[in-house]
Every structure is written in C-alpha cells, then in structure tokens.
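> Using only what follows, build the 3D model:
(chains A and B)
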2 protein chains.
Amino acid sequence: MVATQQQEDPHIWRDLIARHRQTLDNALESVRTRVNWSPYSEDYRTYGKSGKNGGAGDEGETQFRRLLGRPWDVAQPGRDGTVGPGPDAGGERSPYGPELGISYPHSDPDALLPAMTAAIPAWRDAGPEVRAAVCVEILHRINMRSPEFTYAAMHTSGHNPVMAFHAGAVHAQDRGLEAVAHAYAEQTRLPAAFRWRKPLGDGTAINLDKTFTAVPLGIALVVAGSVFPAWNSYAGLFASLATGNAVLVKPHPAAVLPLALTVSVAREALGDAGFAPDLVCLAAEHPGERLAASLATRPEIRIVDYAGGRDFGDWLTGNARQARVHTATSAVNTLLVESTADYRDMLANLAFSVSLYSGQLCTSPQNVLIPRAGIATDEGHKTYDQVVDDLGAALGDLLADDAAAAAVLGALLGPAVLARVERAMSGALGKVAAPTRAVRHPEHPDAVIRTPVLVRLDAARPADRATLLSEWLGPVVFAVAVGSPAEGIDLMAHTNRTCGALSVGVYTRSRDVEEAAEKACLDTGVMLSVNLMGNWYISQSAVYSDLHGTALNPAANSVHCDAAFVAGRFRFVGVRRYGGAA
Amino acid sequence: MVATQQQEDPHIWRDLIARHRQTLDNALESVRTRVNWSPYSEDYRTYGKSGKNGGAGDEGETQFRRLLGRPWDVAQPGRDGTVGPGPDAGGERSPYGPELGISYPHSDPDALLPAMTAAIPAWRDAGPEVRAAVCVEILHRINMRSPEFTYAAMHTSGHNPVMAFHAGAVHAQDRGLEAVAHAYAEQTRLPAAFRWRKPLGDGTAINLDKTFTAVPLGIALVVAGSVFPAWNSYAGLFASLATGNAVLVKPHPAAVLPLALTVSVAREALGDAGFAPDLVCLAAEHPGERLAASLATRPEIRIVDYAGGRDFGDWLTGNARQARVHTATSAVNTLLVESTADYRDMLANLAFSVSLYSGQLCTSPQNVLIPRAGIATDEGHKTYDQVVDDLGAALGDLLADDAAAAAVLGALLGPAVLARVERAMSGALGKVAAPTRAVRHPEHPDAVIRTPVLVRLDAARPADRATLLSEWLGPVVFAVAVGSPAEGIDLMAHTNRTCGALSVGVYTRSRDVEEAAEKACLDTGVMLSVNLMGNWYISQSAVYSDLHGTALNPAANSVHCDAAFVAGRFRFVGVRRYGGAA
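Numbering: from 1, shown residues only, chains lettered A, B, ... in the order given. Take a look at the predicted model:
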C-alpha cells in the first residue's frame, strides 16, 4: 500500500474509531432493517435549558445572538472579498424580520480549488473507517450545538422552532449519518487485500495478491437551497466526504449561516484529526454572481448535489457534464380522499399536513382529490362540499390561536410565496373554500405568516387542471373534485409523471382502491402513504427508514439515501501482484 | 402488494429458484470474496467432443454450420424488413473469410418499443428472486450451447478458438452471472416488508407497515461492439434485465449472430417461465441506418450500455440525456519495464500479452516503456536495445509456426487494423525493431493474420509522444525509451489521464518504483498489475474477482461489475400504511 498519513496520527484515529464505531454500526444496522433509530436526541432539553419557543431554548438563542452583526471567519485559501453584511452586499435577513448582519469571506476559486485538490490524497489514503469516524465526529460536534443550529434555521428559512430543531438540526444530522453509513458500507464491500488462486490443469495454481482501494472522484460541489439548507444538503455533503472527496458548499444567499456553521465545525474536526481543513470549504457569493453555475462547470468539480428550482436543476444536468449531478427540484404532491373509517382523525391529520411550515416543504400535499359524488365515512356519506367545508373547519380549529398557529406555520420564505397566497385568495384560480388569515407572531411582529387558503378546483375544467399541475409552494391547497376514485388515481399518476412528486397519499377503506393507488405509484415511482392518522404526516420522511425521492419522476434524480446515491462517488482501483505458481 | 403473475405460474418459478438458487448464492459469495470461481466449465470437452481447433470442437462447428445461409427467426413485433444476407444488405462476413449468409428481421421501433414496455409490469411484479432465477436459466441455456457460441464468436470477431470459447462463451456467461448476482444483492438490501414503530412521549407508539418494491426504469438499450460482443454486453444486458427492465440489443453489423443467439435463448427462457418474450429483443440495422443513435434518444430508452469507439460514446453521453449511459470506449495501456528477477519469464509473458488476439483486446498493452539506460535483471544489466531485441526474439519464438501463431493471434478485425500495421511497418512512426509477418491459417487461407510489429519510440521526441498517445488497436507495439523509471511512471499517468486505460503494468524489483506506480494508478484510476509471469497476462480480467474499468479515466464511465453499475438501473418505491398508535 501507498504510504499514508496513518503512520503520523494513529492514536487520534484509533481514538475516533473507538468513540464512534458503535454509532456507525448502529447506523449500518438501521439502514438495513429500516427500524426507528437515531443517536441524536429529539428532546431539545438534552441540549440545554428548555426554551420558551416550544423547543428552541435560551442557550441556543444566546449562542445565535453572539453570531449576529459580525464577520464570520472561515480561514480558507484565496480570500478575495467579503459577502454581506446587509442585503445589498448579499447578507441575510431573517424571515422573522431582522437582518442578521453577518459577513462571510469570498474566495477565489483559482486558489481555493487547488488547495482542496491537494488535500485529497491523504484523506483517500486514510481509508473508509477513518473517514467514517471523522465524519461521525463532525456530526457529533454539530449535534452538541443543535440549539445554535436551530436558531440559525429559524432565522434563515423561517422555520417554526420545532421544525428548525428537527430539519435544521437533529434530522439533518441523521441524514448526514445515514449517508456516512451507506458510504462506509459501499467502500467496504470488496476485500481490501486477499490472495486469488486459480488452479491450473497440472495440479499447480497461479497466485495473485490483490488489493482494492477506494478512490474518490475529486471535489464535490453542494449547491444548497434556502428551504432546508441542512436537511437537503447533509446527505450529499457527507456521502461525498466519507467517500474521500473534498466538498465545496455553495449556500443559498438567503441561508448561508447554517452551512457556514457546518463548514467551520467540519474544518475544525478535520484539522483535529490531522487532515487539511480545506477538505470542506464554503463558497459564499456576491449578489448576482451566479457562482453555482461557474463552479459547477469547473473541471475540478466531479460531483454536484443540488436542491432548488427545476430550471437551474435542468441547467446543471445539461451543463455540468464533467460531474455526476444529483438534483432535487420541485414536486406537486397529491392526496386522494376516497373513503375513511376515521373521518375526524383524517381531517385533523390532513389539516396539520397542509399547514406545517405553511406548506413550504417539498413533501407538502398540494392537491387534495375528492370524488364529486362524495365519500363514505364512519360518520356516514359526506358530499364533496361537506368534506371541503369540514377540512376548512379543521384548519380553522388548528390555527385559531396566533401563537399556536405561528408554532405550526413558521414564516413565509419570501414575497413570491405571499404572492401565490394572494393570487389564490383573489378567486382567480377557483372559489375560495377557506380563506387565508394573517397571523401575528407574538415576538416577531414583522414576520409574514399566513394560514393556508383552501381553493375549490374541478379536474374536469381545463383551466383548473392547468392550475393544479403547477407547483404552488406555500400555504395554497386545492380541494379538487374528481369524477371517480379511478379518475383521481389517474390524475395522481399523471401529476407524478409530468410534474414530479415526492410523497402522495390515499385515504380509503377499499382494497381495490388501495391496490390501484399502489400500482399507480409503482408505475410512476412515488412513495405512497395509506390512511395516515395521528402524529405521522404525509410530509414526513423518517431518516434511516423512508427513502426521500425515487429518481423515477421529475422531482429528483437521486434518492436520500440509497446505495446508488453513494456508490458512484468513489471507485475501486485494483492492484494485482504476481504471487508465483504453485 | 399489487396482484402479480406469481399466482399464475408459481410452480415454474419455484422450480427455477430451486434449480438455480445455489448458483446465485455461490455467485453472491464470489463477488464478495473475489475468489476464483465459476459454474461454467473452462474445459471445452464438458460441452461435447474435443475438437480439432484446440478447444472449439466438431459439435460446435456442426451447430454453427446449420445457422449459415438462412434467415434467423426471432418472432418480434413490428417486423418491417430484413437485414442481410450479404454485406450490401448488412449481412456478416467472417474475418476468417466466408460470408455467413444469414438474414435477420428488422423491426419498427414504434411497434417494438410499446410491446417491450407492456411486458415490464409482470416482470417487475415477479420480484428479484424470480428474475434472478430466470436470468440464471437463460445463462444456463446459453452455457449448454457454448460450442455454437464459440464458432459464432470466431466467425464474427475473428477470435482464435480458445479466445472465442472464453470471451465468446463461458467468460461472457460469467460476466452475465456476475451482473445478476449484483442485481439481486442490490434489490434485496431493503426489507420487502416490515413494521416501523416510533415511540411517542406518552408511552404509546406510531406504527407504520412499510414495503419497498424494486421498480425498473423502463427499456434498456445495449449497443454492442464487434470485438467482444458477448463479453462486453452481457454485463449490461443481465444487469438491466435482472433489475426488471426490458432489454433491446442493438448488435454491431459485423457481429450480429452472437447476440441474435443470445436474444433467442433469452426469449425462449422468458416464455417458458410465463413472461413475455418481448422483454428481450434484437435491433438489427440496415446499412447506414444509424439505428443506435435514433434508438438511444427515444424517450422509452432509459438505460444505454455501449462498447465501442470514443466518438460515438461521447455522442451518446451528450445526446441520450433521457437515459443513464454506460460507456466503454478506447484505451491506451502502458507497461513499464524497470527491472526484473525473471528476465526470460517476463519476456515470454510480455510477448504473449501483446500477441493475444493480435493486440485487439481493449486491455492489450500498447506502450512498453523501457529506461534509456537499460534495466537490471537476473541475467545482469540489459540495455534498452537488448531488451527490445530480446522482446522481438521472444515474439519470434512464440509465433514461429503458422498454426501455433494463428491459434494465439486469431484474425484481424478489418482493413483499418491492417492499415495500422502497414503504417507501423513503413517506418514512418519509428524504427521497426521486429517486423510483422503474415501468417497463413491452415484451414482459412483468406483470413488476414499478422504477428505484432514492434516499433522503437523515444518519449523525448514530440512526434513519438504523439504516436504513443494515440490508440493503435491491433498488432502494433511500441518499445518506448524513457529517461528514467520516474519519467516512465509520469508518462503512464499522463497516458491514463488523457487517453484512458484499462490495465497497466510494471515489472520491477524496487519497492519505491512499485509504490510510485501504485500511487500513479490510484491518482489516475487504472488497475495495476505487478510482475506478472507464467500463465496470467495483463490483458486478462477474472470475472467475479477483477473489476474491468474504473470509471475514473476516459476509457470507461462504468465498471464491470460493481454496485454502482447495477444500483441505478432500478429504484425502490416505498409504501407506508398506518398501523395504529399503541
């Protein structure tokens, strides 16, 4: 084997492996069995004092406030400018109101990328187990700072506190660990060294001593979005890093902080383990710079992970031809209500699903299909109008109180989301069944918060079909009348195929309808949820258990997290040494 | 689960699984341990009478002769014409001389592709184990007809009999089985069904009953080459089929027969197992039709596997954007001779490596690098000139007798190969160190057979560098003088990076040189062979043990056969059913 850095720092690496091997093994077991498991506590109190925001606590707020109004220092090579503070200079403003006032270094790619490339061989030569241990250490350090990440998520993506704690901290950490486990599993599927022996006809045999070494592709670029910058990018970041690549993180200009924090923790942990911190770098951009496009087409970039709009996703797959491009773009998620044995529970589950984070999740249901003739329920037959009215009433009940509503809804991401709500409210799309309501946040009076507007559409009307076949990210929900359950399933399949979808659902007591919905989902490649009730919602994806995306429809060309997501990020190089014939 | 065909033919499927499960399990174990193993005997006598051609026997010849001069019938949908017989109509001519006189049906893609698509759901619903068993059955039936496939390979690709039996029959079957094993392993990594249980704070838990179903992408197109139509395409064919896709095989016009045989065996086995034979179809083309290009860009085609020239490989990756494109194109393989403890064995091994199949393998060494100052050996110091002369003499010894030479060399693939030999002989490239010789085949006087021409180049001369950095497929070998071993390793790395390489080698007694060569191969992503002697050659790749290609250099963007080669050919679709809270 090639001389490695292993001789230099074996005690640090042994210690890291000893500390994290059990976590890695548990993760490996969980991604195999898909059982519920996580090393990262979902109890906010684990991380410090319980807070006033129903999850986000005082300590996190204190740590977060220390970050505001000052430069963020990441000592990367090639600094050639400053991004932010202030929106005109590319700085961030909280969806809850205030500017963050943080500035970030801007780096010259011609200096940054060579430094990252130079860092790769020692990382490659350390091998999969050391890399996995260092990656788990990074995630452990991020986990210890979960309250800070929670506040960073609230004040960049507008999450409510619980969602910020989940998607901005612990569940994102799970996504990262899941990717590390897959990366480790893929890299250790071949024996590192073995003797191959082929008998010859004369009683002797040829012997070859063979080795397989996992070799990374080069530098991986993560182009993050503003909606779930951590949850959506940790899978790609850690899959690439654990397979030996260097990772350059290009955050969305509206949500730099969560990834700046991530990058700095990763750099510290890498440095402490004896590796070049430049294995993970941040690429903050000047306003209008289009840095993602210019970086993604550099020859040094061999992997791109992207979450965001479809147009730029298509541009990346068409233009970043030197790289493997993983995209997660837009989705239109459908839910068919055919019948139910628990009408009230169904309405409550539905109301929460469409309200959570103001319907801004990529897995939020948008089109609720209801047969024009109504549905059978445990409370008797319900007409289409009754179901729509009852769903409106359930929304009203859930979101009646401003403080409670704000805790479910979070803040709107930006003016484009508000414009969609206003357009839906205008009646131009269809008759408003339940209007939106402006919610006043008890602490952040400037936050723009809206309850969902429920609009009636009819699948038989061409204009309505055009409406429901577009993505309306945000608190806009369509109650779509369909001619029959079969017509509803056909519309669901058509939507999956043409718009892309990540999570669809059906409420039914009919075995035939359930089977038809399942067949449609296999044919069009979308995860199906059947009769969800209680505290589990169609928009939720359980890390280690559910697969997020299928790569079978336009919503995404890769899956968080399966073997295919990881397997192409490295390759094995074999060496065969003649071992004599005997 | 969706209703499947399983209810219709469970006894056939049970029987197939019972017959082939052990073979599948052995293959799964072998791709994990990488030990020498195969269910397909390398002893030609296993398959019938031992023959006159040093491997290819009478029975194969009889079966082959029955195929000649008549239409080949594959009853596919949408027949709209005939390809062949006769070269003007797209028929095949043997590199050993005679026209085959076989005609093939031509199909209208607008009829063929919908029929193939319609066949997929039942194949998908049968599940991974039934698909694996059917695929192993196809391979078993092909294996039983190995002598016929041997003759088909000789008289399309010009292989010598032993190579035709290996690469055209048993080793190609190994390649297919290896892919089936990987496909089965990937598709069974998630539990088919399980209950997920997430504890809630109140002592109860949410229960979800989850399933994962492997779903194929659609139709896979195999665009085969003329050099190793079976060996190079069985991996893609069986990887796609075993993961639930339909497979359309587009053979090279010069080598249709091996794949027509393959397709007909597959169709019979599929039909016998209760599936639509149209899951595997043949796409023979009219002369000049450019059928591969028009098929590869059809929306129904979701996977392409291609082996052939770099230009069309690049065209495919640039234009078949709706598909996952796997390519294996051209390679320039380098071998550095730095020192050796077995000078005579090394020369014999080298001479055989460059002679086998007239250097027409994609793994044949082309550039033999030798330090200008000579090398240390067990016979004392040898100058560059001595090494070149001794290699020329070793070639002369190996290929002195016409019959023995023909059995190593096989026939030249076509006029382009001969033109390269003649150019090398002209002295225009460099001084001829050992001339080519025309070999007369004892039975096929029209066969064009040439021994390798050995040409001296010097890496310090720009014109020589340009020569050696081009691919000279065929019996053209360059003895390249380099300034030092380090310069040789740099040139090897440069060649790997810019031209692409599949198999490089080094002969050395120096630990430093070996380590430097290994580092260069990790950096540039090429398999390295060290000090090969005896009966194992740099151009050989052991199925189940060696990886063919790395996807890290321009020679190929995929690997035969690793998890990544298979993993993206299907996706999992999950279904979550609410199972109550308790």
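
> use CA for all of it now, contacts and neighbours both
OK.

> Next, count neighbours for A:L67.
Neighbour count for A:L67, taken as other Cα atoms under 10 Å in any protein chain shown: 17.

> tell me the contacts of it?
A:L67 sits next to A:I102 when contact means Cα atoms under 8 Å, 6 or more residues apart in numbering or on different chains.

> make it 10 Å
Counting by Cα atoms under 10 Å, 6 or more residues apart in numbering or on different chains, A:L67 makes contact with A:100-102, A:148, A:152, A:257, A:261.

> Would you list the phi and psi of it?
phi -80, psi -20 (degrees, to the nearest 10).

> Between which two of the contacts of A:L67 is the distance greatest?
The largest separation in those, counting by Cα to Cα, is between A:G101 and A:E148 at 16.5 Å.

> of these two, who's got more company?
When A:G101 is set against A:E148 and neighbours are counted by other Cα under 10 Å, the residue ahead is A:E148, at 29 against 17.

> Surely the more buried one touches A:F64?
Yes. Between A:E148 and A:F64 there is a contact under Cα atoms under 10 Å: 5.4 Å.

> circling back: adding pLDDT, distance to chain B and secondary structure as columns, could you present the contacts of A:L67 in CSV?
What follows is these, written out as CSV (pLDDT from 0 to 100; distance: Cα to the nearest Cα, whole Å; DSSP: H, G, I helix; E, B strand; the rest coil):
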residue, pLDDT, distance to chain B, secondary structure
A:L100, 96, 35, coil
A:G101, 96, 39, coil
A:I102, 97, 38, coil
A:E148, 95, 24, helix
A:A152, 97, 26, helix
A:L257, 97, 32, helix
A:L261, 97, 30, helix
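
> and which of these is nearest B:T383?
A:L261 (61.0 Å).

> For the stretch 301-450 of chain A, what lies in contact range of chain B?
Within the stretch 301-450 of chain A, the positions adjacent to chain B are A:317-319, A:321 by Cα under 10 Å from any Cα of the partner chain.

> again with the stretch 151-300 of chain A
So the stretch 151-300 of chain A meets chain B at A:186, A:188-191, A:194-201, A:205-218 (Cα under 10 Å from any Cα).

> out of the residues you listed, which are inside strands?
Within these, residues falling in strands by DSSP state E are A:194-199, A:205-216.

> got a list of what A:E487 touches?
Per Cα under 10 Å, 6+ apart, neighbours of A:E487: A:369, A:371, A:459, A:493.

> after whichever helix or strand it is part of comes which helix or strand?
In this structure, A:E487 sits in helix A:485-499 according to DSSP states H and E. Sequence-wise, the next helix or strand downstream of helix A:485-499 (DSSP H and E) is strand A:503-507.

> Using CSV, list the CA coordinates for the next helix or strand after that next one.
Next along the chain after strand A:503-507, taking DSSP H and E as the criterion, comes helix A:511-524. Listed next in CSV are the C-alpha coordinates belonging to helix A:511-524 (Å, rounded to 0.1, in the frame of the first residue of the first chain):
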residue,chain,number,x,y,z
ARG,A,511,-58.8,-2.8,-1.0
ASP,A,512,-59.3,-2.2,-4.7
VAL,A,513,-58.6,1.5,-4.5
GLU,A,514,-55.6,0.9,-2.3
GLU,A,515,-54.2,-1.6,-4.8
ALA,A,516,-54.9,0.7,-7.8
ALA,A,517,-53.2,3.6,-6.0
GLU,A,518,-50.2,1.3,-5.2
LYS,A,519,-49.9,0.2,-8.8
ALA,A,520,-50.1,3.8,-10.0
CYS,A,521,-47.3,4.7,-7.5
LEU,A,522,-45.1,1.8,-8.7
ASP,A,523,-45.7,2.8,-12.3
THR,A,524,-44.9,6.4,-11.7
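
> tell me how far whatever helix or strand comes next after helix A:511-524 is from the chain's mean position?
Under the assignment DSSP H and E, the closest C-terminal helix or strand after helix A:511-524 is strand A:527-530. Offset of strand A:527-530 from its chain centre (Cα atoms, centre = their mean, to the nearest Å): 19 Å.

> Likewise for stretch A:234-245?
Using Cα atoms, centre = their mean, the offset of stretch A:234-245 from its chain centre is 14 Å.

> Can you list the buried residues in that stretch?
Residues of stretch A:234-245 classed as buried by neighbour count (16 or more other Cα atoms under 10 Å in any protein chain shown): A:234-245.

> ditto for stretch A:479-494
A:479-485, A:488-489, A:491-493.

> do the same with stretch A:369-379
For stretch A:369-379, a neighbour-count test (16+ other Cα under 10 Å) marks A:369-377 as buried.

> And for stretch A:20-27?
Buried residues in stretch A:20-27, counted by 16+ other Cα under 10 Å: A:20-21, A:23-24, A:27.

> before we move on, what about stretch A:531-547?
Using 16+ other Cα under 10 Å as the test for burial, stretch A:531-547 gives A:531-533, A:536-539, A:541-547.

> Next, the distance between the ends of it.
Taking Cα to Cα, to the nearest Å, stretch A:531-547 runs 19 Å from one end to the other.

> Could you pull up the mean pLDDT of stretch A:414-421?
In this model, stretch A:414-421 has an average pLDDT of 95.

> angle of the longest helix along chain A against strand B:193-199?
In terms of residue count, the longest helix belonging to chain A (DSSP state H) is helix A:10-33. On the basis of axes from the mean of the first three to the mean of the last three Cα atoms, to 10 degrees, helix A:10-33 is oriented at 120 degrees to strand B:193-199.

> Helix A:10-33 close to chain B?
Yes. Using Cα under 10 Å from any Cα, we find that helix A:10-33 touches chain B at A:31-33.

> The helix holding A:E487: how far from the chain's middle?
Distance, centroid of helix A:485-499 to centroid of chain: 25 Å (Cα atoms, centre = their mean).

> likewise stretch A:458-471?
28 Å.

> Report the mean confidence score over that stretch.
Averaging pLDDT along stretch A:458-471 gives 98.

> And the longest helix of chain A, how far out from the chain middle?
Averaging C-alpha positions (Cα atoms, centre = their mean) puts helix A:10-33 23 Å from its chain's average.
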